[in-house]
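**Q** here's a sequence, model it:
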Amino acid sequence: RSMMAPIVITKADGSSEVFDPERLVRSLRRSGAGEHAARRIAETITSTIAPGTSSREVYTRAFALLRKEARPVAARYALRRALLELGPTGHPFEDFISHLYRVEGWQVETRKIMKGKCVSHEVDFYASRPEQNTYLAAELKYHNDPGYKTDLKVALYVKSRFDDIFDCDPAARSCPIDRGLLVTNTKFTSEAIAYAECSGVELLGWGYPVENGLFVRMSRARVYPITTLTCLSSAEKRLLIEGGVIAVDEIVRNRRALDSLHLTPERVGELLAEAEGLLELSSELYDTVST
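**A** Residues are numbered from 1 along each chain as shown. Predicted structure coming up:
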């Protein structure tokens, strides 16, 4: 196909882009696929792709081929979608981000009321490291649609809320925060990024900041949503989330967390093998990325 005209595909946000097989190879490699497997999958998809194909379709086909190769690698490739599966409400995402921060060494409270100068605010997420004298509050924006970007309007709203909290009476110490954060499971618009960088609101999204976005932090901490596991059905994932089991490392540390599913010993074994494989894979990949 290299001599043929480039194929244009449709992205999640409705815009078009030229399909780039090399980009697909890089994405597969980043998930832990070997060079040979990544190239073979990319070639299979390139040879059958039609103009107008959605990026979701490309992803679905790549995932299916990858799953035949190695489940932990497929699970890692599916991370972004796994975050979308935490919905429909934003509460499981809040619990997941809290778990990530705790593993990173923060003390965390969710849905905390904080007094501002003018009014009180309920912040989605409050994290502190008293020994480093660092206190942050975060507003979390959860989206079920991968094409939806958190925009300028949200950044402005978050900035005004944090300003009111920052302006409270410091002598009262009722509001010990020195950092304000806006977190989303998808992406930010370029306007939201420009405003946040200029106004001092910190952003955390799927690939932002580039060196320390959600994907990088999840990989480094080896914290993944339970929805990442390919061995679980949607109903099983839902049951675990409703029971407060939100991350893969929780079932590796405590297999009793799976009791509510009433699985056969064989299925428990299969699940734990995938979960452990995913965490081991992450650790190897993170070592290679960081060296």
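
**Q** and the helices in the protein, which stretches?
**A** 21-30, 35-48, 55-69, 71-77, 79-84, 91-103, 152-166, 190-199, 214-221, 234-242, 248-253, 265-290 (DSSP state H).

**Q** let me know the angle separating the third one from helix 21-30.
**A** This points to helix 55-69. 50 degrees (axes from the mean of the first three to the mean of the last three C-alpha atoms, to 10 degrees).

**Q** could you redo the helices of the chain as TSV and give each row mean neighbour count?
**A** From N, CA and C alone the C-beta is placed, and that goes for glycine too. Below are the helices of the chain laid out as TSV (neighbours: other C-beta atoms under 10 Å):
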stretch	mean neighbour count
helix 21-30	16
helix 35-48	16
helix 55-69	17
helix 71-77	24
helix 79-84	20
helix 91-103	21
helix 152-166	18
helix 190-199	16
helix 214-221	19
helix 234-242	15
helix 248-253	18
helix 265-290	15
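
**Q** and Asp151, how far is that from Val183?
**A** 15 Å (C-beta to C-beta, to the nearest Å).

**Q** any idea how far apart the tips of stretch 125-142 sit?
**A** Start-to-end span of stretch 125-142 (C-alpha to C-alpha, to the nearest Å) is 13 Å.

**Q** list of residues touching it?
**A** Contacts of stretch 125-142 with the rest of the structure, by C-beta atoms under 8 Å, 6 or more residues apart in numbering, involve 86-87, 89-90, 93-94, 97-98, 101, 105-110, 112, 114, 123-124, 150, 154, 158, 161-162, 165, 176-185, 202, 204.

**Q** if we go to 6 Å?
**A** The contact list for stretch 125-142 (C-beta atoms under 6 Å, 6 or more residues apart in numbering) reads 90, 93-94, 101, 106-110, 112, 123-124, 150, 154, 158, 176-185.

**Q** quick one: mean pLDDT for it?
**A** For stretch 125-142, the mean pLDDT works out to 92.

**Q** same question, stretch 45-65
**A** 86.

**Q** if we can go back for a sec, of the contacts of stretch 125-142, buried ones?
**A** Buried members of those, scored by 16 or more other C-beta atoms under 10 Å, are 90, 93-94, 101, 106, 108, 110, 123-124, 150, 154, 158, 176-177, 180-185.

**Q** among those residues, name the ones in strands.
**A** Counted as lying in strands by DSSP state E, out of the buried ones among the contacts of stretch 125-142, are Val108, Thr110, Val123, Asp124, Thr150, Gly180, Leu181, Leu182, Val183, Thr184.
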